[in-house]
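> Quick one, structure for this:
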Amino acid sequence: MSEIKNVSGREFEAEVLEAEVPVVVDFWAPWCGPCRILAPELEKLASRFGDEAKFVKMNVDENGEVAIQYGVMSIPTVAKFERGTVTAQVVGAREADGLAAELGLGV
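A predicted model of the protein is given here:
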């Protein structure tokens, strides 16, 4: 299983923007109920697609500047980055299969 790494704003460029593989970023906060619902679904995706993509979490309370930079207005927001560009974005909690389809994983 691929581990979901927590990243900070200082790590964002190296971990996400400069990554050689697609990166799925979960913008979340500890107080967010839907974020807690989404967490195990993302773990399923990381387990299933961890060989073809990297999975990271970013706490928007601690890294608001990055969330603002990428237009995150509501959480949870899950964004797929490829070569430093957002190529897919999903707002709200989803089941793993629906989230994979919307993000274009496993296609």
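> centroid residue for the protein?
The residue lying closest to the centre of the chain (C-alpha atoms, centre = their mean) is Val25, at 1.8 Å.
> how close does the spatially closest residue to that residue that is not a sequence neighbour sit to Phe55?
Closest residue to Val25 apart from its sequence neighbours, by C-beta to C-beta, 6 or more residues apart in numbering: Ala79 at 5.0 Å. C-betas here are computed from N, CA, C, even on glycine. From Ala79 across to Phe55, the span is 12 Å (C-beta to C-beta, to the nearest Å).
> what is in contact with those two at once?
Contact criterion C-beta atoms under 8 Å, 6 or more residues apart in numbering; residues shared by Ala79 and Phe55: Val24.
> Each with direction, which strands does the host helix or strand of the residue nearest to the centre of the chain pair with?
Taking DSSP states H and E as the definition, Val25 sits inside strand 23-28. The pairing partners recorded for strand 23-28 under DSSP bridges are strand 54-59 (parallel), strand 77-82 (antiparallel).
> List the buried residues in the very next helix or strand once past the first one.
Next helix or strand after strand 54-59 toward the C-terminus (DSSP H and E): helix 64-69. Under the neighbour-count criterion of 16 or more other C-beta atoms under 10 Å, helix 64-69 has Val66, Ala67 buried.
> what about helix 64-69, distance to the chain center?
How far helix 64-69 lies from its chain's middle: 14 Å, per C-alpha atoms, centre = their mean, to the nearest Å.
> can you list contacts of that helix?
Under C-beta under 8 Å, 6+ apart, the answer for helix 64-69 is Gly9, Phe12, Phe27, Met58, Val60, Thr77.
> mind saving the C-alpha coords of that helix as CSV?
Extracted in CSV, the C-alpha atoms of helix 64-69 (Å, rounded to 0.1, in the frame of the first residue of the first chain):
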residue,chain,number,x,y,z
GLY,A,64,-3.8,28.5,3.5
GLU,A,65,-1.5,30.3,1.0
VAL,A,66,-1.2,27.1,-1.2
ALA,A,67,-5.0,26.4,-1.0
ILE,A,68,-5.7,30.0,-2.1
GLN,A,69,-3.2,29.8,-4.9
